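J.: let me see the structure of the following:
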Amino acid sequence: MKKVSQAASALALAMIVGWIGTPGRTAHAGTGPGPRREAMPASPARPPQATAMVRLISAMQGSEPIDVLFNDKPLFTSATYQTISPYVETPDVQDKFRISVRQAGADRVLVEEEKKLDMASRYTVVAMPGDKGGVTIRILKDLDHPRDEKIRLRVVNASPGAGTVDLAAEGNSDPLFGGVRFGEDEGYREVQPADVKLELRGHGDRAQPLRLGSLNLQRGAAYTVVIAGMYPHQVEMFTVRDGAPVTEATGSRSQ
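T.: Alright, predicted model coming up:
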């Protein structure tokens, strides 16, 4: 993965809290540059308890709806592209959990992954197209409440065909997040206030930057940025607040 010098990273990262600009469309459970439907939990969430919470972000552009299962029990059903679900409680388990994905209503599992469970923690499952077809998932542990009212930010590259990309502020040569490979995430960074517009920069023959628009973020919060859609003509950016009891999301399409 491409490394950015500490000095360059500090300069670039100092530009990102309190983004103000043309706002993306905002709605509960994600509406953006196209319809986003909330993934319906397979059963109603119980009152808050000291157990893990999971939500789903579907970056499965152009695919059939999917079901997401937790230890073989449905957790979300019939989730479509741009679904951003609220957090729901998981069944009570003491050690590892297994997340699997299947086409809605089908029996065959398309992909599954195991992860150790931390009680009372929150997780995001990002479902995205595989690099050679099929489905890939990324299970992320969510954080919130950064120190000193900064912003905590991470990015997931879920855009097929994009390869390795940089997320940068327009007009700045140094990326905010550099060398993010397809199907991977760049972990949280705490960043300082600024007002920027973002662009996506590919590597090699994908060097033409794509403008992703501006964001409105709040101090003292954590966010996940998901780069989704087929590169380069259908790229979209979802920005979701992490740890919030009600889903807060914005979206914008590349220009």
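J.: could you check the pLDDT of Tyr231?
T.: In this prediction, Tyr231 carries a pLDDT score of 88.
J.: again but with Ala194, I slipped
T.: For Ala194, the model assigns a pLDDT of 71.
J.: for it, the count of nearby residues, please.
T.: Ala194 is flanked by 18 other residues according to other C-beta atoms under 10 Å. All C-beta spots, glycine's among them, are computed from the backbone N, C-alpha and C.
J.: contacts only, for Met128.
T.: Residues near Met128 by C-beta atoms under 8 Å, 6 or more residues apart in numbering: 59-60, 135-138, 158, 160, 183, 228.
J.: what is the nearest of the residues you listed to Glu89?
T.: Ile137 (19.5 Å; C-beta to C-beta).
J.: what are the bridge partners for the closest one, then?
T.: Judged by DSSP bridges, the bridge partners of Ile137 are Ala127.
J.: and for it, the neighbour number?
T.: There are 20 residues near Ile137, going by other C-beta under 10 Å.
J.: ok, now the one 4 residues further on?
T.: Taking other C-beta under 10 Å as the neighbour definition, Lys141 ends up with a count of 15.
J.: backbone phi and psi for it, please?
T.: Note on Lys141: its backbone torsions stand at phi -90, psi 130 [degrees, to the nearest 10].
J.: wait, it touches Ala120, no?
T.: No: if you go by C-beta atoms under 8 Å, Lys141 and Ala120 don't touch, sitting 11.7 Å apart.
J.: Gly243 versus the residue nearest the centre of the chain, what's the distance?
T.: Computing the C-alpha centroid of the chain and ranking residues by C-alpha atoms, centre = their mean puts Val226 first, at 3.8 Å. For Val226, the distance to Gly243 (C-beta to C-beta, to the nearest Å) stands at 16 Å.
J.: now Tyr188
T.: Going from Tyr188 to Gly243 by C-beta to C-beta gives 12 Å.
J.: anything in contact with each of these two?
T.: Joint contacts of Tyr188 and Gly243 (C-beta under 8 Å, 6+ apart) are 143, 222.
J.: picking up where we left off before, any idea which of the contacts of Met128 is closest to Val88?
T.: Closest to Val88, out of all of the contacts of Met128 and judged by C-beta to C-beta, is Ile137, at 16.5 Å.
J.: just the pLDDT at the closest one, thanks.
T.: Looking at Ile137, the pLDDT reads 96.
J.: what do you get for Gly62?
T.: 89.
J.: who touches it in this structure?
T.: For Gly62, the contacting residues are 81, 129, 230, by C-beta under 8 Å, 6+ apart.
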